[in-house]
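In: predicted coordinates and the sequence they were generated for:
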Amino acid sequence: MATHLRSEQKNFALLIGIDYYLPNKLEGGWWYGNLSGCVRDINSVETFLLQRLAISQDRFFKLTATAGSGNTPLEPRSLWPTYANIVEAFKHIARCANAGDFVYIHYSGHGGRAQTAFPSLKGESGIDETLVPMDIDGGSGRYLRDVELAYLLKAMVEKSLIVTIILDSCHSGSGTRGHPARAVERGLSHVDHTRRNTESLVAREDDLIAAWKGLQAVSTRTLQAGSGWLQEPKGYTLVAACRANESAFEYAFHAGETRGALTYWMLDSLKQVDPAMTYKMLLEVMRAKIHSQFPEQTPQVEGEADRVIFGDSEVTPQYNLIVMDVDQKNDRIRLGSGRSSGLHRQATFAIYPPGEVIAVDLAPRALVKVTSVNDVSSWATIVQGSISNVTKGSQAVLLSPGVSSLRRTVCLVERHDLETIVNPGPALKRAAAAIDKVDSGFLQLISKDDYKTAPDLQVAINQIGDFEIWNSAGTVLQNIRPPLKHDDANSAGVLAQRLIHLVKYRNAQELTNNSGRNRLANKLTVSVMGKQAEYDQEDEPRPEPLTESQETVTIKAGEWIFLGIDNRCAHDLNVTVLNLQPDWGIAQVYPARGAAFELLDSGGHLTLALKAHLPPGYQTAIDVVKVFATIETTDFRWLTLRSLDEPTEAWATRGLVPPRHELEHLLFTLMEETGIKTRTLSIPPTANSEWTTTQLEIRVVR
């Protein structure tokens, strides 16, 4: 149920980001290493919250540890995310906030698992899931344990606070491999048995145990069914980076600075937030984005998943910045946002007067394009209108997010962890030569000695002499068929074409419209109505409702799944549905007989029946159903691909005509080599106001 906040409601935020960990050594020689994207996560979230929720400084608490050249963090000691400081920040907010106030908590750092400090509750061999403060050093440091965190959150809920907690960390890392700038996990696979101080600063042990037992009494699931952090959340919303048995990654997305995958894609998705968007809807968007690069990281939303984001039915759907300065001489303005909020060069904004209510059809005073970006501000040049119409305090509404890289980086990895008679060196050299020869703007080959540029894809040779393609964390991509032998004369060339194909697939998978002036944002909804074992398309569908869950929908091969597509827009919409298949193909599934789109009336509903299919030899697979809606007629067949083991089909042979307008030209640029002069993409503002897309995942099993 959506929560409607009182006009006198106050907003509080607690942001915790830990890149620097004091020297520490756990039992068995393990340790928590420094990270590089956690403080940047927190700075980005801070910028977002200050813009969206206008939280005053006396209700904003930020604890960070930035790694510098010395032996301590760059921040003052009073702002370090130590165990004591974190606990006190929780307690301070609980003391100051009143019933109905909104509390946002965001943690980016290591998660851990440790021998329980509560053997009477969990048994002598029990495990505590933990957040890892920066002062975990040696045996004297303390974890913030699940029992303590549950108690702190329960205290807020009992005061009738509206609480959201984000945990961008994991507690069951499995190890990454490959390039030195690869993705990094925020957790260890090791369970810490170090004998350490277990005295809690949260509450007396008896009170902690009593609170945990109270939560157990209402829990409806085991820990392993979801994120694993806490018992079933009651009265608040928990967003976790991954399942209990998965990893949470940080990575330099789009050749930028390192960010946590959950935080990066959450903020990206929230650029589309509107008054009706719930955490459950946000999960669907984030999950598909994260899985485009890390299939082994599945975000979770637990607790009050149907609550409107931020608990506020009046959140503006626009991503508005403030004009901080006007440089009349150079025809430019300074905006109060930069890299920390994900802003890029060539981002385009519409400028409106200060304090004016911005309707969709309101003409802007000017259009500006960002020309330079630093961490907290940006300069933008006037591209339409006059600078005389712009004053300090004017509102800047995002039209286009700017440059998005279509080029993906590839690293060739020579493994030294295998006992094999295969010499990988010559084969990898042939692969490098093949990538250079195709001269594709979709690929950028990087050196294994490049410590700054992160790889999107990695190539290695395995124990039996086959080429393997890994993601940035070193996990082998599935369903890359048939195998390519390292000594086959044609393998290197086929490998290069496969890499290009995978980049095109990911470009389509990540395609979204985050324009602040997108009048279709969240006006197209897609829901799972249920499944049916047998179905004749001549009959009325009678789908069996699925069990309510935050997990990916799972059905058996041969079963039918029914999706409900609803047009909540005041305009009729042209609808197209694509299926991103597990064999790396992309097919149009609606309309099914040649047409590029079907019209869905304003307020209309479409029931779409899809039959689950598994390619031969597959035991399980993920299909991504991506639904597009436009006001102008658009052909989305530009995004279609044959499966990876089939030859690429030229666009002309698919019955496509040259792009007719800016949106079709965007789709052409995403997928086609012909005519592409650059490997970056700047979406034209005029193409962004009249299209939207949403997607969901379906797991198919034998």
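Out: Thanks, I have it.

In: tell me how far the closest residue to H661 other than its chain neighbours lies from F597.
Out: Distance criterion CB to CB, 6 or more residues apart in numbering; nearest residue to H661, sequence neighbours excluded, is E632 at 6.4 Å. Every C-beta, even on glycine, is put in place using the N, C-alpha and C of the backbone. Shown here: E632 relative to F597, a distance of 10 Å by CB to CB, to the nearest Å.

In: tell me which helix or strand the residue nearest to H661 sits in.
Out: Here E632 sits in a region with no helix or strand, counting by DSSP states H and E.

In: am I right that it is in contact with E664?
Out: No: E632 is not in contact with E664 according to CB atoms under 8 Å; the separation is 9.3 Å.

In: which of the two has more neighbours?
Out: E664 (21 against 13; other CB atoms under 10 Å).

In: CA atoms of the helix or strand hosting that one as PDB?
Out: In this structure, E664 sits in helix 662-671 according to DSSP H and E. Only the C-alpha atoms of helix 662-671 are listed here, as PDB (Å, rounded to 0.1, in the frame of the first residue of the first chain):
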ATOM      1  CA  GLU A 662      15.800  10.000 -34.600                       C
ATOM      2  CA  LEU A 663      14.600   7.100 -32.500                       C
ATOM      3  CA  GLU A 664      15.100   4.600 -35.300                       C
ATOM      4  CA  HIS A 665      18.500   6.100 -36.000                       C
ATOM      5  CA  LEU A 666      19.300   5.500 -32.300                       C
ATOM      6  CA  LEU A 667      18.400   1.800 -32.700                       C
ATOM      7  CA  PHE A 668      20.500   1.600 -35.900                       C
ATOM      8  CA  THR A 669      23.500   3.100 -34.100                       C
ATOM      9  CA  LEU A 670      23.100   0.500 -31.300                       C
ATOM     10  CA  MET A 671      23.400  -2.500 -33.500                       C
END
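
In: quick one: distance of that helix to the chain centre.
Out: 23 Å (CA atoms, centre = their mean, to the nearest Å).

In: can you give me the buried ones in it?
Out: Neighbour-count burial for helix 662-671 flags 663-671 (criterion: 16 or more other CB atoms under 10 Å).

In: just the mean pLDDT for it, thanks.
Out: The average pLDDT within helix 662-671 is 84.

In: elements contacting that helix?
Out: Applying 3 or more CB pairs under 8 Å, 6 or more residues apart in numbering; DSSP states H and E, we find helix 662-671 packed against helix 491-510, strand 680-682.

In: so the spatially most central residue of the chain: helix, strand or coil?
Out: Computing the C-alpha centroid of the chain and ranking residues by CA atoms, centre = their mean puts W265 first, at 2.6 Å. Secondary structure assignment for W265 (DSSP: H, G, I helix; E, B strand; the rest coil): helix.

In: circling back to that earlier point, between the buried residues of helix 662-671, which is nearest R481?
Out: When the buried residues of helix 662-671 are ranked by distance to R481 (CB to CB), M671 comes first, at 21.6 Å.

In: now the closest one: how far from W638?
Out: Plainly put, M671 is 6 Å away from W638 if you go by CB to CB.

In: so who does D101 touch?
Out: 9-12, 161-162 (CB atoms under 8 Å, 6 or more residues apart in numbering).

In: so D623 is in which element?
Out: Using DSSP H and E, D623 falls in strand 620-630.

In: run through the neighbouring helices and strands of that strand.
Out: helix 279-291, helix 491-510, strand 524-532, strand 560-567, strand 573-580, strand 691-701.

In: identify all contacting residues around the third one.
Out: The list of residues contacting strand 524-532 from outside it, by CB under 8 Å, 6+ apart, reads 281, 541-546, 553, 555, 559-569, 573, 575, 607, 625, 627, 629, 692-696.

In: need the next SSE after that strand, C-terminal direction.
Out: Taking DSSP H and E, what comes next after strand 524-532 is strand 553-556.

In: give me the buried positions along that following strand.
Out: 553-555.

In: any stretches of the stretch 601-702 of the chain with poor pLDDT?
Out: Applying pLDDT under 70 to the stretch 601-702 of the chain flags residues 673-689.

In: tell me the secondary structure for A13?
Out: strand.

In: what of the one 10 residues further on?
Out: Classification of P23 using three-state DSSP returns coil.

In: so which strand or helix has the closest residue to it other than its chain neighbours?
Out: In space, P23 comes closest to D137 once its chain neighbours are excluded; the distance is 5.9 Å by CB to CB, 6+ apart. Under DSSP H and E, no helix or strand contains D137.

In: surely D137 touches N24?
Out: Yes: the pair D137 / N24 is scored as a contact, 4.5 Å apart, by CB under 8 Å.

In: what about W229, how many residues close to it?
Out: 25.

In: in a markdown table: the helices and strands packed on strand 620-630, plus distance to K122 and mean neighbour count.
Out: Converted to a markdown table, the helices and strands packed on strand 620-630 look like this (distance: least, CB to CB, whole Å; neighbours: other CB atoms under 10 Å):
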| stretch | distance to K122 | mean neighbour count |
| --- | --- | --- |
| helix 279-291 | 29 | 22 |
| helix 491-510 | 41 | 20 |
| strand 524-532 | 36 | 18 |
| strand 560-567 | 39 | 20 |
| strand 573-580 | 42 | 22 |
| strand 691-701 | 32 | 20 |
